[in-house]
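**Student:** Only the shape, not the letters, is given here:
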C-alpha cells in the first residue's frame, strides 16, 4: 500500500465543514492528497475549524473545475455509490476495495471519488470508475455523512497497511511477560492447598471447584507480575490460618 | 450479533454537534441505543442538526449523571483508548472488538464507551472495561473526531453482522450467565478489604495493586458462579483473620 499514491476527490461538495472533516479523517489515517472538484464554498472558516490539526491537508488541496482534471493522471479510480442504481455495477465493500487499491497504488495513481452530500456521484461520473465502493448500512437510514464515508474508506486502507496478512497484534504492548504453563501448575497446586487450608475446599468432596478455578485463570492468560501477586495473597492467607490455629 | 443489545455511551462530551454526529453514525449502521453521561451541552440545536434523520436516536437517548449508572446492567464493556497507558491493557482494533462484541451481545448487555473530545476516558473509567478498543491511526495525527471514532466502531459491527463468517473460539455455549458491572464493583470492594485484612495491601501505600487486580478480573469476564466462588473464598479468608485476631 502506498498511501501517497492515493488521492481523495470530493465532487461538488456543498458544506465546507465536510471538507474540513474529510481533511482530518484523511490525516488521521495517513493520507494527505485532497482534490476538490468545484466545491460550492471554499475556502471557508468552517473547513478550517473542522479540519482541526489537519490544516496542512487543506492548504495543499488541489481545487479543479472538473472531475476529469482531477483524475486525468490516474490509473485506477474508485467511485463511492449507494445501492440501487439503474444499471447495477459490482459493488464492493470498503474492505474489498482496500485490497484492490493496495495493489493499484503500487503501480500508479489511484483516486477515490466521493459525490455530493445530497445526490452522490452522477451516473456519468460513476462510469469513469474502475470499481464501485459501497459502505454497508442499515436499510432504515443509508445516507452517511460525507466525511464519515471518507473516514470509513480511509480506515480500511489503514487497516490493510498495518496488517496486510491480517494477524492479531493485540498483546504486543503488554508490560510483563506472560506466565509459563509450569508456573501455572505451581499456582494451581498452591491455590488448591490454600483452599483446603481455609476449609473452602473439602478434599473428600472436591466437586468441580478446582476445575472452575483452572478454567478461570487459564482463560485470562496471567502475566508474571499478576501471578506473583496471586501467589503472595495465597501465602499471606496461609499465614493467617496458621496463626489462627496456633501453629506458630 | 444483536445490535439492540449494544449501547453507545458518550462520557462527558463537550460539543453537542458531536452527539448529533454520533446519533447519525449509529443509525446508519443500525444501532439505536445512545447513553449520554453528563454531556456538557445537551439538548442543543447543533446536535439536532448534525443528527440529520437520526433525530429519533437523540430523542430516545438516556442521559445519566454518572458512568456507573449508564453501565450498571452491562455484562460486557468496551472502552476506546489511545495507546500508551501506564498499565497497558490488551488493545484490540475495531475488527477484533466486533468479534468479541458479537459474541457478548448474544448473551447480555454490551456497552461501548467513548471519552471526552480532548482527553478520552480516564484510567478509572478504562478499568471497568473488559477490553480496550484502539483505532489504528497515523503517527502524525492520532486524534480522531469523536463521531468518526463511533462511525468506525459501528461500521465494524455492521460488517460483522453482514458477514459473520470466520470466528475464533466463542463463548456461546457458556454454562453460567456472566456477571454484571455492579456485581463486579461489589467484588472489588470485597477483594480490597480482604487484602487489607490479611495485610497484603497497605491502604497508606496501595501502589498499583488494585489497578492490577481490576485489570486481571475485568479482562477474564467472570461468570456468576465464578464470582460466587471468589467471594466465598474472600469471606472464608476474612473469618480466619478474625479468628487469628481473637475477634470471635
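**Tutor:** That came through, no problem. Computed from a predicted model, the values in this text were never measured in an experiment.
**Student:** okay, now the domains of chain A?
**Tutor:** Using automatic domain parsing, the domain parsing of chain A gives A:3-162, A:181-244.
**Student:** Out of these, which one sits most buried?
**Tutor:** Among those, ranked by average contacts under mean count of other Cβ atoms under 10 Å in any protein chain shown, first place goes to domain A:3-162 (a mean of 19). Just so you know, the C-beta spots here come from the backbone N, C-alpha and C atoms, and that holds for glycine as well.
**Student:** ok so residue A:78 is a helix residue?
**Tutor:** No - Residue A:78 is assigned strand when assessed by DSSP: H, G, I helix; E, B strand; the rest coil, not a helix.
**Student:** tell me the contacts of it?
**Tutor:** A:97, A:100, A:101, A:110, A:111, A:112, A:113, A:129, A:130, A:131, A:132, A:133 (Cβ atoms under 8 Å, 6 or more residues apart in numbering or on different chains).
**Student:** And for residue A:7?
**Tutor:** By Cβ under 8 Å, 6+ apart, the neighbours of residue A:7 are A:33, A:34, A:35, A:70, A:74, A:109, A:110, A:111, A:112.
**Student:** hmm, the one helix or strand the second one maps to in reach of chain B?
**Tutor:** Remark: residue A:34 resides in strand A:33-37, with elements defined by DSSP states H and E. No - taking Cβ under 8 Å from any Cβ of the partner chain as the criterion, strand A:33-37 and chain B are apart, separated by no less than 13.7 Å.
**Student:** Surely residue A:4 touches residue A:32?
**Tutor:** Yes - using Cβ atoms under 8 Å, residue A:4 is in contact with residue A:32, at 7.0 Å.
**Student:** Identify the residue spatially nearest to residue A:232, adjacent ones excluded.
**Tutor:** Take residue A:232 and drop its neighbours on the chain: the residue closest to it by Cβ to Cβ, 6 or more residues apart in numbering or on different chains is residue B:200, 6.3 Å away.
**Student:** repeat for residue A:38
**Tutor:** Closest to residue A:38 by Cβ to Cβ, 6+ apart is residue A:12, at 5.1 Å.
**Student:** pLDDT weak spots in chain A?
**Tutor:** Across chain A, the ranges flagged by pLDDT under 70 are A:83-90, A:164-174, A:248.
**Student:** Tell me where the longest helix sits in it.
**Tutor:** When chain A is parsed with DSSP state H, its longest helix is helix A:224-244.
**Student:** helices or strands next to that one in the packing?
**Tutor:** Helices and strands touching helix A:224-244, as assessed by 3 or more Cβ pairs under 8 Å, 6 or more residues apart in numbering or on different chains; DSSP states H and E, comprise helix A:181-197, helix B:209-220, helix B:224-244.
**Student:** Reformat the ones you listed as TSV; add distance to residue A:93.
**Tutor:** What follows is the helices and strands packed on helix A:224-244, written out as TSV (distance: least, Cβ to Cβ, whole Å):
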stretch	distance to residue A:93
helix A:181-197	41
helix B:209-220	31
helix B:224-244	39
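**Student:** still on that earlier bit, what are the pairing partners of the strand holding residue A:34, and which direction each?
**Tutor:** As defined by DSSP bridges, the strand partners of strand A:33-37 come to strand A:6-11 (parallel), strand A:62-64 (parallel).
**Student:** circling back: backbone phi and psi for the residue nearest to residue A:38, please?
**Tutor:** phi 60, psi 50 (degrees, to the nearest 10).
**Student:** go on, residue A:124?
**Tutor:** phi -60, psi -40.
**Student:** what's the distance between residue A:198 and residue A:39?
**Tutor:** Distance, residue A:198 to residue A:39, using Cβ to Cβ, to the nearest Å: 72 Å.
**Student:** try residue A:149
**Tutor:** As judged by Cβ to Cβ, residue A:149 and residue A:39 stand 16 Å apart.
**Student:** got it, and residue A:14?
**Tutor:** For residue A:14, the distance to residue A:39 - Cβ to Cβ - is 8 Å.
**Student:** Let me see the contact set for residue A:106.
**Tutor:** Counting by Cβ under 8 Å, 6+ apart, residue A:106 touches A:1, A:2, A:5.
**Student:** next one: residue A:209
**Tutor:** With contact set as Cβ under 8 Å, 6+ apart, residue A:209 has these partners: A:195, A:200, A:201, B:229.
**Student:** Run a quick check on the third one versus residue A:193, I expect a contact.
**Tutor:** Pointing back at residue A:201 there. No - if you go by Cβ under 8 Å, residue A:201 and residue A:193 don't touch, sitting 9.1 Å apart.
**Student:** Disregarding flanking residues, what is the spatial nearest neighbour of residue A:52?
**Tutor:** For residue A:52, the closest residue by Cβ to Cβ, 6+ apart turns out to be residue A:24, at 5.3 Å.
**Student:** Which secondary structure elements does whichever helix or strand the one you found is part of sit against?
**Tutor:** Assessed by DSSP H and E, residue A:24 sits inside helix A:16-29. Under the contact criterion of 3+ Cβ pairs under 8 Å, 6+ apart, helix A:16-29 touches strand A:6-11, strand A:33-37, helix A:45-51, helix A:55-59, helix A:146-162, helix B:146-162.
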